[in-house]
Every structure is written in structure tokens, then in C-alpha cells.
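# Let me see the structure of the following:
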Amino acid sequence: MSAAVRPAAAGHGGSADATLTGVGVGPGDPELLTVKAVRILREADLVLVPVMADRAGPPGTAVAPGAEAGRAERTVRAYVPADRLRRLPFALDDRGGVTARRTAAWDAAARVVVEAIDAGARSMAFATIGDPNVYSTFGYLAQSVHALRPGVRVATVPGVTAMQELAARSGTPLCEGREPLTLLPATAGLALFADALAGPGTVVAYKGWRRHPELLAELRRQGRLADAVLGRSLGLPGERVGPVDDSEDDLPYLSTLLVPARRDHRGGKL
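Next up, the predicted model:
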């Protein structure tokens, strides 16, 4: 790893006192970071950001001025100078489970963390969109680092999720009274989405880009289209929040579909 990190304090050594923290930075708006998230990012010896594998150099590469940034990187740039950011390429666009390319990216990213520890880093933050415990790449990185250095402490800082931001922006309560809330990835298949829609609560689907026509057809079939709301590129240029329709044929991977529970009157689910 060519980039320098802040030197460790005197007397520190090994990995037992090193911490890797997954920091949730929300869906894209820098104003949605928590006070704790900002503090952890600013205090970290090194801030790591995920990027598509085809948009970065070798793992741990310093951020070049003007280089295309991922969503997490764009968000944390409001709080962390570019010279303290390091990119970790991941095969974020791979499909088909645990592919060789995806595994290689996890392993390479973990080696960057270990090399940073060996170079003196004691606090490392990994900025992840949304929340680090909700469909996040951070879990795979943490497992990979632990396999190499079991003594590294892993922590997380929660972040605002896309479904929360979409609910706020559209004025749609996520759940009331006894209503359940179902969050699922559209990549899991239409059957899971259909079953959730048939239930009594709110349904949120992530990653619906390629499956949007199928999701739209199922919403129509179950009579849930009128109340559904779609969020795309939340917090970023080109964002859209509004009804669901056939015109969305170029959805980004990080799109969010919110289908509120059926509600007949105030307090009806208490």
C-alpha cells in the first residue's frame, strides 16, 4: 500500500488494538450523516470507500482529483479530505452469487486493511451507503479481514436507509400500529415480492432496476399500484421521487420501491 496513514500512538502494535468501523452514510445526502458518523470519519486514520471495480485502480489507491466517485465517496467528501480517502474496488455489479471476481475483490480489500494496520493505522472507517448492517458490502469486508487478523475489532455506526429517506420525502409512514414492515431485494425473485404484497403491511423493495417491469405488473395484479412510490438516485443529481409507472426503463441499481400498507382510517391498525 503506497499511501501513508497517520502514525500509530506510542506503544501500540499488532492488530489487537486496531478497529475497523463500518459507517453508514445514508442514501446520498451529506446532511443525513449522524453526528457520530462524522466524528468517526474525521478521527479515523484511514477512510475507505467502495467503488465499482472497473472505475478504480488497484485496491487502496488514493483518490485522484476529478476521478469519478462512488456514492459513498461523494457523500463523505463533505467531511473528509480526498488525501485521507482510499478506494476499495468491489465487484458490485456481479450476478450469480459468490463469483470468482467478487471473492477476489473481497480478499484484495481485506489485504489493504491488513497492510494499513501493519503500517500503523489503528482506526479505519469504511463508508457505506445506507446502513452497514442492511445489504451492505461492509459485512463481507469485515469477515474477510477477520479471517486474516482475528484480533481486529469490528464496529458499526448506523445510518439512514433509503427506505427511511423515501418515506420522509414522499410523506409515507412506513408502518403503523400492528403493521409489519417487509424489506426485500428484488433480486430475490418475484415470488417473495408477491407474497409480501399479499400480506397486511408495508413492502419495500431494493435493487429493482432490471426487474421493474415484473414488479410493476405484480403491483397492478394485486391492486397496489396507486399508492406505491418510487425513489431513484436519492440525494444525488437526477433524483426522482414519485408514482410508479412504465416510463422508468432506465432505473439505477440503487432504486427503492415503497408500497404502503392498506389503511382505511386513522388508527385502523392499532
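# next structured bit after the helix-or-strand element of the chain with minimal mean pLDDT?
Lowest on mean pLDDT, DSSP states H and E among the helices and strands of the chain sits strand 61-62, with a mean of 53. Per DSSP states H and E, the first helix or strand lying C-terminal to strand 61-62 is helix 71-76.
# Let me see the mean pLDDT of stretch 155-165.
For stretch 155-165, the mean per-residue pLDDT is 97.
# Compute the first-to-last residue distance for that stretch.
Start-to-end span of stretch 155-165 (CA to CA, to the nearest Å) is 24 Å.
# cool, stretch 72-84 as well?
End-to-end distance of stretch 72-84 (CA to CA): 14 Å.
# just how off-centre is that stretch within its chain?
In terms of CA atoms, centre = their mean, to the nearest Å, the centre of stretch 72-84 is found 16 Å from the chain centre.
# Report the mean per-residue pLDDT for it.
Here the average pLDDT along stretch 72-84 is 93.
# what about the helices in the stretch 151-270 of the chain?
For the stretch 151-270 of the chain, the helices defined by DSSP state H, counting those that start in this stretch cover 162-170, 190-197, 212-221.
# give me the element Asp107 is part of.
For Asp107, the host element (DSSP H and E) is helix 100-118.
# hang on, the earlier thing: tell me which of the helices of the stretch 151-270 of the chain sits most buried.
Ranked by mean neighbour count, the helices of the stretch 151-270 of the chain are led by helix 162-170 with a mean of 20 (mean count of other CB atoms under 10 Å). For the C-beta atoms, the positions are set from N, CA and C on the backbone; glycine is no exception.
# what comes into contact with that one?
Here helix 162-170 makes contact (CB atoms under 8 Å, 6 or more residues apart in numbering) with 26-27, 29, 32, 129-130, 172-174, 183, 204, 206, 229, 231, 234-235, 241-242, 254, 256, 258.
# ok, and for the helix holding Asp107, which residues are buried?
Neighbour-count burial for helix 100-118 flags 102, 105-106, 108-117 (criterion: 16 or more other CB atoms under 10 Å).
# Minimum pLDDT in those residues, which residue is that?
Arg102 (88).
# Verify the stated contact: that one with Ala91.
Yes: contact criterion CB atoms under 8 Å: Arg102 and Ala91 qualify, at 4.2 Å.
# how about the strands in this structure?
With strands called from DSSP state E, the chain shows them at 19-24, 46-52, 61-62, 85-90, 123-128, 153-157, 181-185, 202-206, 229-232, 240-243, 255-259.
# Of all these, which one is nearest Gly139?
Evaluated over the strands of the chain, closeness to Gly139 peaks at strand 19-24, with 7.9 Å, by CB to CB.
# Now render the buried residues of helix 100-118 as TSV, adding distance to Ala155.
What follows is these, written out as TSV (distance: CB to CB, whole Å):
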residue	distance to Ala155
Arg102	24
Ala105	23
Trp106	19
Ala108	22
Ala109	17
Ala110	17
Arg111	21
Val112	18
Val113	14
Val114	17
Glu115	20
Ala116	16
Ile117	15
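# Among these, which one lies nearest to Thr21?
Thr21 has its nearest neighbour among the buried residues of helix 100-118 in Val113, at 11.3 Å by CB to CB.
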